[in-house]
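Colleague: return atomic coordinates for the entry below.
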Amino acid sequence: QVQLAESGGGLVQPGGSLRLSCEASRFSLDYYSIGWFRQAPGKEREGVSCISSSDGTTYYADSVKGRFTISRNNRKNMVYLQMNSLKPEDTAVYYCNAVYYTAYYWGQGIQVTVSS
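Modeller: As a prediction, this is how the structure comes out:
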């Protein structure tokens with residue numbers, strides 16, 4: 001079954017770091033652009049960061065710029081989101097998304113909670 005699976009979430013104190021991973025199963029991420037999204041309780045899902053398949057161009061939402069870093073390892077078929085200087089407002093369920101023309105996949109989501 002084709003799927004994406006996130007890992008690496010959890011509870012962290014403000015100012016701390018987490019690294020989320022997104023692993024693809026049964027398909028290659030080589031040609032897919034990958035995005036990280038998040039959804040906080042009572043809010044709409046929002047885009048956090050994305051990385052292109054062609055040249056690795058990256059994009060970051062203003063709210064995470066300078067704190068989060070997206071990267072990919074096509075050999076391992078994985079994408080990462082390094083999150084530093086975490087704030088309580090980063091608390092959300094984080095999802096990875098893979099897109100190639102009309103084909104797209106979502107992961108099941110993983111909880112990130114930033115709290116003291």
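
Colleague: mind listing residues that contact the helix or strand of the chain with the lowest mean pLDDT?
Modeller: Ranked by mean pLDDT, DSSP states H and E, the weakest helix or strand in the chain is strand 103-106, scoring a mean of 92. Here strand 103-106 makes contact (Cβ atoms under 8 Å, 6 or more residues apart in numbering) with V2, Q3, L4, A24, F27, Y32, Y95, C96, N97, A98. (Glycine included, C-beta is placed from N, CA and C.)

Colleague: now with 6 Å?
Modeller: The contact list for strand 103-106 (Cβ atoms under 6 Å, 6 or more residues apart in numbering) reads L4, Y95, N97, A98.

Colleague: the first one and I34: what is the separation?
Modeller: Put plainly, it is L4. 9 Å (Cβ to Cβ, to the nearest Å).

Colleague: between these two, which is the more surrounded one?
Modeller: A count of neighbours by other Cβ atoms under 10 Å puts I34 above the other of L4 and I34, at 25 against 21.

Colleague: pull out the buried residues from stretch 31-47.
Modeller: Y32, S33, I34, G35, W36, F37, R38 (16 or more other Cβ atoms under 10 Å).

Colleague: show me which of the residues you listed is closest to S71.
Modeller: I34 (9.9 Å; Cβ to Cβ).

Colleague: list the contacts for the closest one?
Modeller: Per Cβ under 6 Å, 6+ apart, neighbours of I34: I51, V79, A98.

Colleague: quick one, phi/psi of the last one?
Modeller: Backbone torsions for A98, taken as degrees, to the nearest 10, come to phi -120, psi 130.

Colleague: and the residue lying closest to it once chain neighbours are set aside, its phi and psi?
Modeller: Leaving out its chain neighbours, the residue that sits closest to A98 by Cβ to Cβ, 6 or more residues apart in numbering is Y32, at 4.1 Å. Here is the backbone geometry of Y32 (degrees, to the nearest 10): phi -100, psi 140.
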